[in-house]
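Colleague: Model the following, please.
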Amino acid sequence: MSRRADTTRCQKMTTSRSNAPIPTEYEEQRLVCRYLDFRKLTYIHITNEGLRSQRTGYLLKQIGMKKGFPDLFIFCPRANYHGLAIEMKSQKGRATPEQKEWIARLNSLGYRAEICKGFNEAKACIDRYLER
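Modeller: Predicted coordinates for the structure are as follows:
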């Protein structure tokens, strides 16, 4: 084995986790859904993302699709809340103004609504909510 190949191999073996790829929002949310299933909670993902034709977008708005609504809604009343809504983000993701408006609106209406960056934040949010 050449010296260069050996050096490259060693660098790959010693690469820190900080160089690991950052999971996408989809990957993080998939883990959250698995956790919700494990906890046997009733929830739904509001399919509000994706590319659509202008006509399809128009038709979906006509039947109630709202821009910025949180990704997950958990049907589980706790304490003074009617349910939990979670807007998922990747570690580097940012909420849009519409998403922030929905979070504020839902919180003012007696729901618990949060923006969570990644699986760990979402799991902690769910666990805190369920302990109420």
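
Colleague: from here on, contacts and neighbour counts on C-alpha atoms
Modeller: Noted.

Colleague: and the helix or strand hosting residue 29, how far out from the chain's middle?
Modeller: Using DSSP states H and E, residue 29 sits within helix 25-38. Helix 25-38 has its C-alpha centroid displaced from the chain centroid by 8 Å (Cα atoms, centre = their mean, to the nearest Å).

Colleague: So which elements touch that helix?
Modeller: With contacts defined as 3 or more Cα pairs under 8 Å, 6 or more residues apart in numbering; DSSP states H and E, helix 25-38 has these neighbours: strand 84-89, helix 118-130.

Colleague: quick one, strands of the protein?
Modeller: 43-45, 72-74, 84-89, 112-117 (DSSP state E).

Colleague: hmm, who's touching the third one?
Modeller: Residues outside strand 84-89 that contact it (Cα atoms under 8 Å, 6 or more residues apart in numbering) are 25, 28-29, 69-77, 95, 99, 103, 111-118, 122, 126, 129.

Colleague: Throw together a ChimeraX command that grabs the buried residues out of these.
Modeller: Those of those that count as buried under 16 or more other Cα atoms under 10 Å are selected in ChimeraX with:
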select :25,28,29,69,70,71,72,73,74,77,99,103,111,112,113,114,115,116,117,118,122,126,129
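
Colleague: that older thread, in CSV: the strands of the chain, plus distance to residue 37 and mean pLDDT.
Modeller: Shown next, in CSV, are the strands of the chain (distance: least, Cα to Cα, whole Å; pLDDT from 0 to 100):
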stretch, distance to residue 37, mean pLDDT
strand 43-45, 9, 97
strand 72-74, 11, 98
strand 84-89, 15, 98
strand 112-117, 18, 98
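
Colleague: Need those strands in TSV (columns: distance to residue 65).
Modeller: TSV is the format used below for the strands of the chain (distance: least, Cα to Cα, whole Å):
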stretch	distance to residue 65
strand 43-45	13
strand 72-74	14
strand 84-89	16
strand 112-117	18
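
Colleague: any idea how far residue 49 is from the closest residue to residue 80 other than its chain neighbours?
Modeller: Leaving out its chain neighbours, the residue that sits closest to residue 80 by Cα to Cα, 6 or more residues apart in numbering is residue 110, at 6.9 Å. To residue 49, residue 110 is 25 Å away according to Cα to Cα, to the nearest Å.
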